[in-house]
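*Asks:* Pasting the sequence and the predicted coordinates here, then a few questions.
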Amino acid sequence: MHRSADQGIRPPTVTATRRGGHAGPVSGAGRSARSEDRSAAEGSVPTDAALARELLDGLAEAVVTADARGVVTLVNAMAAELLPEVTPGSTVAKAAVPALAGAARAGASSFEVEHRGRLLRGTCRALRAGGHAWYVRDVTEERDRTDALLAERSRTAFLARAGSRLGLSLHREQTLRTSVTLAVPYLADAAVVVHRPPPPAPADARPVWVRFADGDPAPVSGSGPAELPGSVPGLAEALDGDRSDASPWLDAELSDLGHVLPEGFGRPGTILVTPLFGAGGAAGALILARRPDRAGFDQRDVEVVREFTARAGAALATADLYGEQTHLARVLQTSLLPPDLPGIPGVSLAGGYRAAGDSLRIGGDFYDVSVTADGGTFALGDVCGKGVGAAVLTGRVRQSLQTLRLVERRPLELMALLNRALFDAPEAIRRNQFTTLLLGTFTVEPDGALCLRVAGGGHPAPLVVGVDGAVRSATVGGMPVGALSSARFVETRIRLAPGELLLAYTDGVTEARGGPGVLEMFGEGRLRQALASGAGLPPEVVIDRVLQLVDEWLDGQSQDDIAMLAIAPTPDRPGPRR
């Protein structure tokens with residue numbers, strides 16, 4: 001008879017083979033999928049104790065298991081190597097590894113300890129039936145790599161900081177003090193730079209030193225005896241520029257370093273002497289001293305010291321070069337700045353000078369006054385360009401004038417000779433170099449007036465300020481000096497009565513650009529107004545007044561070179577009767 005499924009007929013059974021070789025029924029009404037997965041997982045765990053032990057022994061970390069009583073039940077091969085004191089049957093809380101025993105007694109889940117020269121880090125995990133397992137890793141190499149990375153970062157940061165600090169130092173003494181300050185305490189407990197004084201000191205000058213020690217408030221300086229380089233091993237060779245690798249000097253005698261180490265420092269444990277190389281060879285030597293309780297210099301320390309001294313030596317060479325340039329600039333500046341004006345009976349003189357924003361305060365504008373038997377001569381000029389290049393040409397013009405005045409003092413003839421002298425210079429020197437110029441002489445007349453002869457070479461006309469404040473131009477013309485071999489020049493005569501004043505100036509005054517709104521030139525009109533309002537004032541007051549007005553007009557804007565020369569009869573000379 002035919003029966004349906006709802007009448008209790010069961011589907012046919014299908015037999016299949018599982019993992020592990022066990023056979024069993026598989027049907028839709030059998031065990032659930034979760035049960036099958038769990039069964040499969042259980043079937044994958046080794047049930048052979050020997051195989052399990054082999055797997056544990058192959059782990060790279062130590063494994064120690066204990067039962068609920070804390071008795072060790074298993075120790076794998078790595079545990080036997082790292083923790084030989086822990087054996088099966090012993091109690092973890094009483095193990096001969098204090099950190100492990102303490103963690104077990106305290107119920108801690110981890111510990112870290114230096115054991116048998118290795119850094120071990122352990123973690124505890126609970127097992128079934130109240131047991132637990134300790135997993136212990138050897139992290140010595142990991143710690144060493146981390147320490148090496150941190151040390152390298154520290155060295156890099158130190159060298160970067162040292163390079164930055166040394167790069168800001170442009171003076172020799174400051175550079176030496178910075179070098180020893182930076183070295184302590186990172187490189188050593190005390191640092192000393194021994195060096196010989198730079199020129200013009202004699203070659204046999206006593207060596208000098210700069211020292212800084214940990215705990216000192218500031219570096220100190222001193223000088224040592226002539227035999228100091230020979231008394232410290234390696235110092236003489238370093239000062240002579242020996243480029244062989246520096247090696248630490250152990251157990252240094254205090255007497256050898258008594259001249260340079262601070263009192264109370266004690267006997268050094270390790271000394272390292274390294275040369276400081278500049279552009280021309282060894283500029284000095286760095287002595288680093290560590291106390292006995294500090295580790296000595298290893299190879300990496302020596303390499304860092306070498307890098308540091310290279311930076312310090314380069315900074316010292318830069319400072320020496322800067323010092324030489326500063327000295328030369330000072331000499332150049334002294335020779336090119338306008339000289340002090342002489343005192344001439346019956347004549348009042350005042351000069352004003354400003355360079356075009358040049359830190360050396362030298363430029364292309366100049367004035368000069370010389371005394372003669374019956375009065376004096378003067379010159380005021382403006383060479384092309386500005387800065388050091390213009391100052392060099394200014395020096396040539398002034399030197400040429402001083403020489404040519406020995407044979408000619410008449411302004412017009414003197415200017416013609418100067419033009420020839422500039423053209424006699426080599427082409428490379430005189431190319432595009434010329435100057436506008438006023439040359440003049442003045443004599444004092446019996447009534448106190450001044451008689452002036454003024455020759456012009458393409459320069460702005462000087463202004464004469466009358467007693468009543470009227471301002472007039474003393475017309476001069478001519479062509480710039482040194483521009484053409486056939487240049488023509490013009491001479492004019494001017495009489496200054498008592499109370500009057502002549503102002504010669506360069507175009508840096510009238511062409512100064514500033515003002516409250518759109519930049520515009522100061523102009524001759526404003527200059528005339530300033531002179532008119534100061535009629536009757538002494539020359540030095542007039543010069544100061546004009547400079548102040550120009551500064552206010554510029555209001556911080558850049559400027560061209562400025563030179564002014566004011567000449568007036570002395571007020572205390574009796575004037576003509578009216």
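*Replies:* Perfect, thanks for sending it.
*Asks:* Helix, strand or coil: sort out Tyr186 for me.
*Replies:* Under DSSP: H, G, I helix; E, B strand; the rest coil, the three-state class of Tyr186 is coil.
*Asks:* how close does Pro571 get to Leu537?
*Replies:* When distance is defined by Cβ to Cβ, to the nearest Å, Pro571 is 10 Å away from Leu537. Heads up, the C-betas are built off the backbone N, CA and C, glycines and all.
*Asks:* same deal with Gly458?
*Replies:* Looking at Gly458 against Leu537, where the rule is Cβ to Cβ, the gap reads 30 Å.
*Asks:* More neighbours: these two, which one.
*Replies:* Neighbours of Gly458 and Leu537, each counted by other Cβ atoms under 10 Å, are more numerous for Gly458; the result is 21 against 17.
*Asks:* Spatially nearest residue to that one (excluding sequence neighbours)?
*Replies:* Using Cβ to Cβ, 6 or more residues apart in numbering and skipping residues adjacent in sequence, the residue nearest Gly458 is Pro480, 3.8 Å away.
*Asks:* Verify the stated contact: that neighbour with Gly456.
*Replies:* No - with contact defined as Cβ atoms under 8 Å, Pro480 and Gly456 do not form a contacting pair (10.2 Å).
*Asks:* Can you show me the helices along the stretch 451-578 of the chain?
*Replies:* Taking DSSP state H, counting those that start in this stretch, the helices of the stretch 451-578 of the chain run over residues 507-510, 523-533, 539-554.
*Asks:* Identify whichever of these lies nearest to Asp138.
*Replies:* Counting by Cβ to Cβ, Asp138 lies closest to helix 539-554 out of these; the figure is 75.5 Å.
*Asks:* Could I get the full set of strands for the stretch 301-450 of the chain?
*Replies:* In the stretch 301-450 of the chain, strands defined by DSSP state E, counting those that start in this stretch lie at 347-354, 365-372, 375-383, 435-444, 450-457, listed in chain order.
*Asks:* and Arg294, how far is that from Arg143?
*Replies:* Relative to Arg143, and taking Cβ to Cβ, Arg294 is found at 21 Å.
*Asks:* I should have written Arg354 there, sorry.
*Replies:* Noted for Arg354: a distance of 67 Å to Arg143, by Cβ to Cβ.
*Asks:* okay, these two: which has more neighbours?
*Replies:* Per other Cβ under 10 Å, whichever of Arg354 and Arg143 has more neighbours is Arg354, with 23 against 15.
*Asks:* Find the residue ranges of the stretch 51-200 of the chain scoring beneath the pLDDT cut-off.
*Replies:* 198-200 (pLDDT under 70).
*Asks:* can you map out the strands along it?
*Replies:* In the stretch 51-200 of the chain, the segments counted as strands under DSSP E, counting those that start in this stretch are 62-66, 72-75, 110-115, 118-126, 132-138, 190-195.
*Asks:* Which of these sits closest to Gly278?
*Replies:* Comparing the strands of the stretch 51-200 of the chain by their distance to Gly278 (Cβ to Cβ), the top pick is strand 190-195, with 9.9 Å.
*Asks:* Tell me the helices and strands packed up against that closest one.
*Replies:* Here strand 190-195 touches helix 172-183, strand 208-213, helix 235-239, strand 281-290, going by 3 or more Cβ pairs under 8 Å, 6 or more residues apart in numbering; DSSP states H and E.
*Asks:* rerun that using 7 Å as the cut-off
*Replies:* Strand 190-195 makes packing contacts with helix 172-183, strand 208-213, strand 281-290 when contacts are defined by 3 or more Cβ pairs under 7 Å, 6 or more residues apart in numbering; DSSP states H and E.
*Asks:* Let me know which of these is tucked in deepest.
*Replies:* Neighbour counts (mean count of other Cβ atoms under 10 Å) averaged over each of the helices and strands packed on strand 190-195 peak at strand 281-290, with a mean of 24.
*Asks:* Show residues contacting that one.
*Replies:* Outside of strand 281-290, the residues that reach it under the criterion Cβ atoms under 7 Å, 6 or more residues apart in numbering are 183, 187-195, 232, 235, 238-241, 260-261, 268-277, 296, 305, 309, 312-313, 316-317.
*Asks:* burial of the nearest residue to Pro88 once chain neighbours are set aside, as a residue count?
*Replies:* In this structure, Pro88 finds its nearest non-sequential neighbour in Val72, 5.2 Å apart by Cβ to Cβ, 6+ apart. Burial of Val72, expressed as a neighbour count using other Cβ under 10 Å, amounts to 19.
*Asks:* surely Gly278 meets Thr318?
*Replies:* No - proximity of Gly278 to Thr318 does not meet the contact threshold set by Cβ atoms under 7 Å, at 8.7 Å.
*Asks:* neighbour-wise, which of those two wins?
*Replies:* Remark: of Gly278 and Thr318, Gly278 carries more neighbours, 22 against 18, as counted by other Cβ under 10 Å.
*Asks:* what bridges to that one?
*Replies:* Bridge pairing for Gly278 (DSSP bridges) gives the partners Gly281.
*Asks:* Could you report the pLDDT at it?
*Replies:* For Gly278, the model assigns a pLDDT of 74.
*Asks:* what's the burial count for the residue nearest to Ala183 when sequence neighbours are not counted?
*Replies:* Take Ala183 and drop its neighbours on the chain: the residue closest to it by Cβ to Cβ, 6+ apart is Ala191, 3.8 Å away. Other residues near Ala191 come to 24 when the count uses other Cβ under 10 Å.
*Asks:* Which parts of the stretch 301-450 of the chain are helices?
*Replies:* Secondary structure of the stretch 301-450 of the chain (DSSP H, counting those that start in this stretch): helices at 388-404, 411-423, 427-430.
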